[in-house]
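Novice: My questions concern the predicted model and sequence given below.
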Amino acid sequence: MELSIHQASKQLGEVFPYAWQGQLEEQTYGGRTVRFVGEATLQGTVVGDGEGFTVTGEGKVTLSSVCARCNEPFEEPFAFSFEDRFVKAVLREEEDESYPFEGDVIDLTQAFMDELFLQLPMVSLCKPDCKGLCPVCGVDLNRFRCSCAEKTRNSAFDALKALSFEDKEV
C-alpha cells in the first residue's frame, strides 16, 4: 500500500486524493486470526505541511468471520475511517505517535492494519438478533427449536417470582 507523496511535498497545504485496491494476507491479532475475502479498498487524502504528512481515509474489507453466538461462518463487511500522521524517519522522535517514512513514498500498510485492528468489534455476530446455541443440547436456536432450554432454565431471580407485592406499600 504505497502512496507517492512527490506532488504533496512540492505543494504544501494542498489536498491530494489517493486510492488503493488489493488483496490482504491473513493476519493474527490478539489471538484472533483475521482472514480477508476479496479485495480491500482504501481511499482518502494526503496533505503535506513541511514537517510531515497527514493521511486521512476510509478502508473497506470483507472478513471471513465466525459468529460468536451460533458458531456459524459468515462474511462480514467492515468499513473504518482513520487519520494518521507520517514524519520523516530522521525527524521523528521516539515518543511520537506518528509513522516514519523515507523518500517520496509512504507505506500505508502498517497504519491500515493498526487502524483496522483497533476498530474491529470484539466479537462478530452473523446478525444482530442471533439466538445462538442452546446451552444444554447445543442446537442452533436460529434453525431449530428445542425444549430443553425451557425445562432447565434456572435463574437466581426465580425466587422473586414467588413474592407477592399486592396491597403492600413499597
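Specialist: Cool, got the structure. Everything quoted here is computed from the prediction, not taken from an experiment.
Novice: Of all residues in this protein, which one is nearest the centre?
Specialist: The centroid of the chain falls nearest to Leu120 when counting by C-alpha atoms, centre = their mean (2.0 Å).
Novice: quick one: it from Gln23, how far?
Specialist: 19 Å (C-beta to C-beta, to the nearest Å). (Each C-beta comes from the backbone N, C-alpha and C, glycine too.)
Novice: Quick check: Arg85 touching Pro100?
Specialist: No: under the criterion of C-beta atoms under 8 Å, Arg85 makes no contact with Pro100, lying 10.5 Å away.
Novice: Quick check: phi and psi at Gln110.
Specialist: Dihedral pair for Gln110: phi -60, psi -40, per degrees, to the nearest 10.
Novice: how about the closest residue in space to Asp96 that isn't next to it in sequence, what does it touch?
Specialist: Of all residues not flanking Asp96 in the chain, Val87 sits nearest, at 6.6 Å (C-beta to C-beta, 6 or more residues apart in numbering). Shown in contact with Val87 (C-beta atoms under 8 Å, 6 or more residues apart in numbering): 51-52, 96, 98-101.
Novice: Next SSE downstream of the helix or strand Val87 falls within?
Specialist: Using DSSP states H and E, Val87 sits in strand 73-88. Next helix or strand after strand 73-88 toward the C-terminus (DSSP H and E): strand 99-101.
Novice: So what touches that next one?
Specialist: With C-beta under 8 Å, 6+ apart, strand 99-101 has contacts from 5, 53, 84-89, 92, 106-107, 110-111.
Novice: and if we set it to 7 Å?
Specialist: 84, 86-89, 92, 107, 110-111 (C-beta atoms under 7 Å, 6 or more residues apart in numbering).
Novice: What strands line up against that strand, and which way round?
Specialist: strand 73-88 (parallel) (DSSP bridges).
Novice: now the partner strand: how far from the chain's centre is it?
Specialist: 7 Å (C-alpha atoms, centre = their mean, to the nearest Å).
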